[in-house]
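1. attaching a predicted model along with its sequence, questions to come.
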Amino acid sequence: LTEYNGDTWNVGFDLPFVRTACISHDIDWPFPDMAYADVFSFIDRFDTNDEQGLVEVYDKLIGKESCDPFEDSGSAVDAFENGDWESLLLHNLADIKRTLKLAILAESYVPQSDFKMKNLHPPDP
């Protein structure tokens, strides 16, 4: 599983959201044996003019158009709250593609030792 700033409590979104949703709906953790890497952890190896958001970093380093119907992630939150599922899915697909392209770019320019992997398996009781 590769993400962009997906597991930081204050700034990240995806994994904290999934954890909370699993608890709220009494669902077991869906990633017990999944390796995880966060592309955000090595973005500072590039000159991005202090940009840290996925869209901004992608635009600076890759610069290709995406299928994202939104200008920013705040609009995706509004779409979620309004039940605009098609736009929200397109936004998430765009983020997946952006993250993949940044990870592929990093494979060519970032030392292997800077890639930090972790296992998402919770500790055994």
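-> All right, it came through fine. Numbers count the residues shown, from 1 in each chain.
2. what ranges does this protein have for its helices?
-> Ranges of helices within the chain are 14-24, 54-61, 73-82, 85-109, based on DSSP state H.
3. so of these, which one's packed in deepest?
-> Among these, helix 54-61 has the highest mean neighbour count (mean count of other CB atoms under 10 Å), at a mean of 18. Bear in mind the C-beta positions are built from the backbone N, C-alpha and C, glycine included.
4. now the helices of the chain as JSON lines including distance to Lys118 and mean pLDDT?
-> Converted to JSON lines, the helices of the chain look like this (distance: least, CB to CB, whole Å; pLDDT from 0 to 100):
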{"stretch": "helix 14-24", "distance to Lys118": "11", "mean pLDDT": "89"}
{"stretch": "helix 54-61", "distance to Lys118": "20", "mean pLDDT": "90"}
{"stretch": "helix 73-82", "distance to Lys118": "24", "mean pLDDT": "86"}
{"stretch": "helix 85-109", "distance to Lys118": "15", "mean pLDDT": "92"}
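5. turn the ones you listed into JSON lines, including distance to Tyr4.
-> Listed next are the helices of the chain as JSON lines, based on distance: least, CB to CB, whole Å:
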{"stretch": "helix 14-24", "distance to Tyr4": "9"}
{"stretch": "helix 54-61", "distance to Tyr4": "5"}
{"stretch": "helix 73-82", "distance to Tyr4": "11"}
{"stretch": "helix 85-109", "distance to Tyr4": "5"}
